[in-house]
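*Asks:* Quick one, fold the following:
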Amino acid sequence: IQTIPAESKVLSTTLMAQAAAPSFFYFLYDNSSIYSYVLSEETPLEQREIERLSFPGETVTYMTYLSDYERAEDDYTEALAVLTSQGGNWKLRIYALLGESTPDLNTTPIREYEGTGTARYLLYRSY
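*Replies:* Got it, this is the predicted structure:
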């Protein structure tokens, strides 16, 4: 158990996604930015909380960590799925992590989906 500093952005979040590695997680800040939080009390806060993705004009409605996400046949990756809404439309973007034990993301989505309506949740099932 670690104490989170009072000035941390994570204290105002409404949405989190835990990674497979116990050393970090992702959180939503200001409804449109995804940050990572690294669990390391020895590291200064500005290096523990880093913005990873930003969706100006969109509202992030859900995000989840995907373990062993299939990119192509026999090619798997750890990934972060981010669901957003804007003006009656939704988008789902899936981002590959650069490694299982690091919060670094490839900022170009490996998959993108979109539709009309308001999407608030994602159910991912791996067979």
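*Asks:* And for the lowest-mean-pLDDT helix or strand in the chain, what's in contact with it?
*Replies:* Within the chain, no helix or strand scores below strand 59-72, which has a mean of 89 by mean pLDDT, DSSP states H and E. Residues from elsewhere that reach strand 59-72, judged by Cβ atoms under 8 Å, 6 or more residues apart in numbering: 15, 17-20, 26, 28, 31-34, 76-86, 90, 94, 96, 110, 118-122, 124, 126. Yep, even glycine has a C-beta here, placed from its N, CA and C like the rest.
*Asks:* And residue 62, how far from residue 47?
*Replies:* 27 Å (Cβ to Cβ, to the nearest Å).
*Asks:* what about these two, which has more around it?
*Replies:* Legend: neighbour count by other Cβ atoms under 10 Å for residue 62 and residue 47, higher for residue 62 (18 against 9).
*Asks:* Enumerate the beta-bridge partners assigned to that one.
*Replies:* Taking DSSP bridges as the rule, residue 62 bridges to residue 83.
*Asks:* what about it, distance to residue 6?
*Replies:* Counting by Cβ to Cβ - residue 62 and residue 6 are separated by 27 Å.
*Asks:* which stretches of this protein form helices?
*Replies:* With DSSP state H as the criterion, the chain has helices at 45-48.
*Asks:* tell me the contacts of the closest residue to residue 66 other than its chain neighbours?
*Replies:* Spatially, and ignoring its direct neighbours in sequence, residue 66 is nearest to residue 79 (4.3 Å; Cβ to Cβ, 6 or more residues apart in numbering). Residue 79 sits next to 65-66, 69, 94-97, 110 when contact means Cβ under 8 Å, 6+ apart.
*Asks:* any idea which of those is the one closest to residue 51?
*Replies:* Nearest to residue 51 among those is residue 95, at 13.5 Å by Cβ to Cβ.
*Asks:* Can you verify my assumption that the closest one contacts residue 80?
*Replies:* Yes. At 4.9 Å, residue 95 and residue 80 qualify as touching, with contact defined as Cβ atoms under 8 Å.
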